[in-house]
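Chemist: Sharing a model that was predicted from the sequence below.
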Amino acid sequence: MKVTYDTDINTDTLNGKKLVVLGYGSQGYAHSNNLKDSGFDVTVALRKGSSTFEKLKHSNMPGAELEEAIKDADLVMMLLPDENQPDVYNQYLAQHLKPGASLGFAHGFNIHFDQISPRDDINVFMVAPKGPGHTVRSTYTEGSGVPCLVAVHQDVTGDTKELAYAYASAIGGGRAGVIETSFKEETETDLFGEQAVLCGGTAALVQAGFETLVEAGYSPEMAYFECLHELKLIVDLMYEGGINTMRYSISNTAEYGDLTRGNRLVTDETKASMKTILSEIQSGQFAKEYVEDCRNDYQTLHKLRHSHSEHEIEVVGAKLRGMMPWIKKKPLVDQTIN
């Protein structure tokens, strides 16, 4: 696997081009501000009447209504939620993107699962930062960046790969490394990581550990510290040097417990469930299920989101974090601006 850095990326291909970012959520905020700070001409496109125009004023970011912004765009980066992208593409981009323009994605979901069928006279590429938008922005402002994956789906003008690498560099990816992949590989591995490990697996494990301690009679506060608060400390060690560095740093007691008990939690049955989740992603079953829920006003998502938000670990955590003001001194997420 080849990793490319800024020293080997020519960003001149973006010079003089009109760049448009669709959306101003977590990723849209990060991409547009990083592009602007890198010296490129960028405009944020929003639907008419969007309340997000007020947030643009806080960032001094140029904004325009969607149809007006894209008609002369050289590059449009699609950073709306996955479920909103097909309608926006069909209603606006399919009609108004000029031939030879480039359409970019930060996730391959809609291209890979055929939710969007792009015109055959435009370039289609992907630049996928391996981190949330808030991290893409915060690391950029600190002088570093988040690794990015790039892929090309359609190359009409013959320079789409160079354009993708230049875009990745402009948002800070070239500082950490840019890796070429495919829409298929990025989509399927990204969904699996989110569901089985990073979000679904981790959240379920933390909640189950918390519940086990509380049900055994331990205080919810102690359960929170042991099962959630200290998780960041462990993950930071793994992030810095892998699992071995984490094990080097912890006590012998902790390491012995890790090595002799961990595989009693993640068993062959657990791995079989992971394989089932992966097969549901590969077959398109998950995509179909998610798209149907979106079309049904997110009934499943809203129901589950509400029930989990009321879990005791959230109530206890909010109270304890309120006693640790240093956590909020430099927040990754500020909902007033992004």
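Modeler: Nice, thanks for sending it over. Residues are numbered from 1 along each chain as shown.
Chemist: okay, now the domains of the chain?
Modeler: 3-182, 192-328 (automatic domain parsing).
Chemist: Dump those domains into a markdown table; add mean neighbour count as well.
Modeler: Yep, even glycine has a C-beta here, placed from its N, CA and C like the rest. Formatted as a markdown table, the domains of the chain follow (neighbours: other CB atoms under 10 Å):
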| stretch | mean neighbour count |
| --- | --- |
| domain 3-182 | 19 |
| domain 192-328 | 13 |
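Chemist: need those in JSON lines with mean pLDDT, can you?
Modeler: Converted to JSON lines, the domains of the chain look like this (pLDDT from 0 to 100):
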{"stretch": "domain 3-182", "mean pLDDT": "94"}
{"stretch": "domain 192-328", "mean pLDDT": "96"}
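Chemist: can you map out the strands along the stretch 101-250 of the chain?
Modeler: Secondary structure of the stretch 101-250 of the chain (DSSP state E, counting those that start in this stretch): strands at 102-105, 123-129, 148-154, 178-180.
Chemist: Look up how far Thr181 lies from the spatially most central residue of the chain.
Modeler: Per CA atoms, centre = their mean, the C-alpha nearest to the average position across the chain is that of Pro132, at 4.1 Å. Here the criterion is CB to CB, to the nearest Å. By it, Pro132 lies 19 Å from Thr181.
Chemist: coming back round to it: thought the residue nearest to the centre of the chain was touching Gly25?
Modeler: No - contact criterion CB atoms under 8 Å: Pro132 and Gly25 do not qualify, at 10.4 Å.
Chemist: thought Tyr89 was touching Met78?
Modeler: Yes - Tyr89 is within contact range of Met78, at 7.4 Å (criterion: CB under 8 Å).
Chemist: Pretty sure Ala170 sits against Asn33.
Modeler: No - in this structure Ala170 lies outside contact range of Asn33 using CB under 8 Å: 11.2 Å.
Chemist: circling back to that earlier point, for the strands of the stretch 101-250 of the chain, give me JSON lines that also has distance to Ile243.
Modeler: As requested, these are arranged in JSON lines below (distance: least, CB to CB, whole Å):
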{"stretch": "strand 102-105", "distance to Ile243": "32"}
{"stretch": "strand 123-129", "distance to Ile243": "24"}
{"stretch": "strand 148-154", "distance to Ile243": "23"}
{"stretch": "strand 178-180", "distance to Ile243": "21"}
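Chemist: Cys227: which of these is closest?
Modeler: strand 123-129 (28.9 Å; CB to CB).
Chemist: Give me the distance from the helix or strand containing Thr300 to the chain's centre.
Modeler: Per DSSP states H and E: Thr300 is located in helix 299-309. Relative to its chain's centre, helix 299-309 lies at 20 Å (CA atoms, centre = their mean, to the nearest Å).
Chemist: Just the residues contacting it, thanks.
Modeler: Outside helix 299-309, the residues that touch it by CB atoms under 8 Å, 6 or more residues apart in numbering are Ala203, Asp293, Glu314.
Chemist: What of stretch 48-65?
Modeler: Here stretch 48-65 has contacts from 24, 29, 32-33, 36, 42-47, 66, 336-338, using CB under 8 Å, 6+ apart.
Chemist: Identify the farthest-apart pair in the residues you listed.
Modeler: Farthest pair in the contacts of stretch 48-65 (CB to CB) is Leu66 and Thr336. Separation: 23.2 Å.
Chemist: Helices along the stretch 151-300 of the chain, start to end?
Modeler: Secondary structure of the stretch 151-300 of the chain (DSSP state H, counting those that start in this stretch): helices at 160-170, 173-176, 183-192, 200-215, 220-224, 231-249, 252-265, 268-283, 285-295, 299-309.
Chemist: If you count contacts, what does the fifth one end up packed against?
Modeler: Secondary-structure packing of helix 220-224 (3 or more CB pairs under 8 Å, 6 or more residues apart in numbering; DSSP states H and E): helix 200-215, helix 312-321.
Chemist: got it, and the longest one?
Modeler: Taking 3+ CB pairs under 8 Å, 6+ apart as contact, the helices and strands that helix 231-249 lies on are helix 252-265.
Chemist: Please put the alpha-carbon coordinates of the helix it packs on into PDB.
Modeler: Extracted in PDB, the C-alpha atoms of helix 252-265 (Å, rounded to 0.1, in the frame of the first residue of the first chain):
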ATOM      1  CA  ASN A 252       1.000  -6.100  34.700                       C
ATOM      2  CA  THR A 253      -2.300  -6.800  36.500                       C
ATOM      3  CA  ALA A 254      -4.300  -5.000  33.800                       C
ATOM      4  CA  GLU A 255      -2.300  -6.700  31.000                       C
ATOM      5  CA  TYR A 256      -2.800 -10.200  32.500                       C
ATOM      6  CA  GLY A 257      -6.500  -9.600  32.800                       C
ATOM      7  CA  ASP A 258      -6.600  -8.300  29.200                       C
ATOM      8  CA  LEU A 259      -4.800 -11.300  27.700                       C
ATOM      9  CA  THR A 260      -6.600 -13.900  29.800                       C
ATOM     10  CA  ARG A 261     -10.100 -12.500  29.800                       C
ATOM     11  CA  GLY A 262     -10.600 -10.500  26.600                       C
ATOM     12  CA  ASN A 263     -11.100 -13.500  24.400                       C
ATOM     13  CA  ARG A 264     -13.900 -14.700  26.700                       C
ATOM     14  CA  LEU A 265     -15.800 -11.600  25.700                       C
END
